[in-house]
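Student: predicted model and sequence follow; I will ask about them next.
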Amino acid sequence: MRKQRIIYSMAVSMFKILLNSIIISCFVISILSCGKSPDTIPTTPEDDTPPQDNIVMPTHIKVSVSGNTLPIKIVDNSATRAIVEALKKSSITFTAQDYGGFEKVGPLGRSFPSNNEQITTQPGDVVLYSGNQVVLFYGSNTWSYTRLGKIEYSTIEALKSFLKAGEGSITMTLSLQ
């Protein structure tokens, strides 16, 4: 019986030591992160690719068509990071065509990293197709794409008007805000 009490007492002591270690670790971590805004605290990007050189990612880029501009709220992945880096050097202008009655698609003139996944798109979604084409949806489709973001628009009719849905080729420009 005495041996069991000694073992129990040792187990309780070890548990207390472990618990104190966890509490101290949490305290140290909270002190180290004090004063940092959520924008500067590292997070894991959507595709688990670490950000390069601690790049501060913007939350939006913009798309312009015929003198009108709408914001695109972007996701954080290797494709959007590469596109943002390209946009820091210059805007990207391309010709987009209607396809399938639900999207505008156009070549970007170069390849970007892709993280394709099966996606059912919705109006306003912006994706990368084949690593070198951007697709802006005014309808819905299911395919393997790399998600880039979503155009912020007021109504589907406004989005279709902005993208000149069904009207053939248009010139689009992607740029930083």
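Tutor: Perfect, thanks for sending it.
Student: mind splitting the protein into its structural domains?
Tutor: According to the domain assignment given by automatic domain parsing, the chain is divided into the following structural domains: 1-38, 52-176.
Student: where are the low-confidence patches of the protein?
Tutor: Across the chain, the stretches falling below the confidence threshold (pLDDT under 70) are 1-55, 177.
Student: contact partners of the longest strand along the chain?
Tutor: Ranked by residue count, the top strand of the chain under DSSP state E comes out as strand 142-151. Under the criterion CB atoms under 8 Å, 6 or more residues apart in numbering, residues 46, 60-61, 63, 70-75, 77, 79-80, 83, 113-121, 124-129, 131, 134-136, 159, 162 lie in contact with strand 142-151. For every residue, glycine as well, the C-beta is placed using N, CA and C.
Student: with respect to burial, which of the domains of the chain scores highest?
Tutor: Each of those was scored by mean neighbour count; the highest is domain 52-176, a mean of 16, by mean count of other CB atoms under 10 Å.
Student: right, and K62 touches K73 too?
Tutor: No - taking contacts as CB atoms under 8 Å, K62 lies outside contact range of K73: 10.6 Å.
Student: so what strands line up beside the longest strand of the chain?
Tutor: Using DSSP bridges, the strands paired with strand 142-151 in its sheet are strand 68-74 (antiparallel), strand 117-120 (antiparallel), strand 125-129 (antiparallel).
Student: of those, which is nearest E167?
Tutor: The closest of the strands paired with strand 142-151 to E167 is strand 68-74. By CB to CB, the value is 13.8 Å.
Student: quick one on the thing from earlier: with distance to G100 added, can I get the strands paired with strand 142-151 in TSV?
Tutor: Shown next, in TSV, are the strands paired with strand 142-151 (distance: least, CB to CB, whole Å):
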stretch	distance to G100
strand 68-74	21
strand 117-120	14
strand 125-129	12
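Student: go through those and name the closest to Y99.
Tutor: Taking CB to CB, strand 125-129 is the member of those nearest to Y99, at 9.9 Å.
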